[in-house]
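[1] I'd like to go over a predicted model; first the sequence, then the structure.
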Amino acid sequence: MIEISENPYRILGITSDAKFREIQKNLSKINSYLKVNREVTLPFDNIFFGSITRNEFIVKKSKNSLQLDDSKLINSLFWIIISNEIDSVSVKYLINGDFDKPQKIWSKQVEKSSINSKNYSFYNNLSTLMFIKGDYKSAIKLKCVLIDSGYIKLFSKKVCDENYLINKNDLIDNFINKTINGLITQGLSNDIIIKSFSETSNKNIEKVYNYFLKDPISKLEQNINKAIDLSSQINSKKTKKTKNKNSGTYGRALMIDSKVEIK
C-alpha cells in the first residue's frame, strides 16, 4: 500500500514515535545526499515495505506531513511505533531484514490479552505488517480495535505530545477513507473492500457503506432532478393524456439511466 511504502516516517527512516531532533538529523542527512546526487540508505529501506524513491519533492512533502499533529497521527497508523523494549527488539529484526520474527513476537503478545496500556503498540505494529502481507481484514480489525479503544489516547500522545487532544471520530473517518483509497489503488473491488471491514464495529461498517453510497446516491438525485425538469418544461402546455404519456417516457428513461447506481 502506498500509505506504507511512501509513508513520511518511512521516507525519513524513522519510527512514528521519533522526536524532533531525530527527524531533523535524518532530514539533514537526506538533503546532504540529495545535493550531491547520491542515494542515502536509511532504516526501513527494505523492499518488504515496497519500493522507495527519495527526491526533493517527496522529502519536503514528508517533512511537511510531520509538522502537523493530525497528519502525524494518521500516518503513524500506517507505520511502526516503539513504546517498549519488545517493540525495540522487533524493530531491530525488521531493519535487519527479518520480517517473520517481529510478526510472531507481536502476534503472541496480542493473543495474550485484550488491548491495554502495555500492548496497544503491538496492535498497531502487527496490523501494519498484516497490511503489507495483504491480510487486510486482520489489519483493519486490529487498527479499529486500537482506534476504538481508550488507549488510542496513549498512542496519540506517544506520536504527538502530552498536550495533543485527539478527536476519535475524525481519526476513524480519516483512517477508513485512507484505507479504502489505498485498497482501491491496490485494485481491490468494492465488495472485497467492504468485506475487509466486516470484523469491525457496526458503526465503522456503516461508515464504509456510506463511503461507497455517496456517489451513486448523488448521481441518482441528479437523474431524478433532470427527469423532473424535463417533464416540467415539456408538459407545461400539454393535455393530461399527453402528460401521462410523456411522464411514462421520462420514467423509463430514468430507470435506464440509473441502473448502475441502483445496483
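    Happy to help now that I have it.
[2] Mind checking what helix or strand follows the worst-scoring helix or strand of the chain on mean pLDDT in sequence?
    Ranking every helix and strand in the chain by mean pLDDT, DSSP states H and E puts helix 240-257 at the bottom, with a mean of 65. Counting by DSSP states H and E, the next helix or strand C-terminal to helix 240-257 is helix 259-262.
[3] Quick check: which helices or strands does that next one pack against?
    Applying 3 or more CB pairs under 8 Å, 6 or more residues apart in numbering; DSSP states H and E, we find helix 259-262 packed against helix 202-235. No exception for glycine: its C-beta is placed from N, CA and C like everyone else's.
[4] per-residue confidence averaged over the helix it packs on?
    For helix 202-235, mean pLDDT rounds to 76.
[5] now swap in stretch 39-58 and tell me
    Rounded mean pLDDT across stretch 39-58 is 94.
[6] measure it end to end?
    14 Å (CA to CA, to the nearest Å).
[7] C-alpha coordinates for the helix or strand where Leu183 lies, PDB please?
    According to DSSP H and E, Leu183 maps onto helix 168-185. Extracted C-alpha coordinates of helix 168-185, given in PDB (Å, rounded to 0.1, in the frame of the first residue of the first chain):
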ATOM      1  CA  LYS A 168     -11.600   9.900  17.700                       C
ATOM      2  CA  ASN A 169     -14.500  10.500  15.300                       C
ATOM      3  CA  ASP A 170     -12.200  12.400  12.900                       C
ATOM      4  CA  LEU A 171      -9.500   9.800  13.300                       C
ATOM      5  CA  ILE A 172     -11.600   6.800  12.400                       C
ATOM      6  CA  ASP A 173     -13.100   8.700   9.500                       C
ATOM      7  CA  ASN A 174      -9.700   9.600   8.200                       C
ATOM      8  CA  PHE A 175      -8.500   6.000   8.700                       C
ATOM      9  CA  ILE A 176     -11.400   4.500   6.900                       C
ATOM     10  CA  ASN A 177     -11.100   6.900   3.900                       C
ATOM     11  CA  LYS A 178      -7.300   6.500   3.700                       C
ATOM     12  CA  THR A 179      -7.600   2.700   3.900                       C
ATOM     13  CA  ILE A 180     -10.400   2.500   1.300                       C
ATOM     14  CA  ASN A 181      -8.400   4.800  -1.100                       C
ATOM     15  CA  GLY A 182      -5.300   2.700  -0.600                       C
ATOM     16  CA  LEU A 183      -7.200  -0.600  -1.300                       C
ATOM     17  CA  ILE A 184      -8.800   0.900  -4.400                       C
ATOM     18  CA  THR A 185      -5.300   1.800  -5.600                       C
END
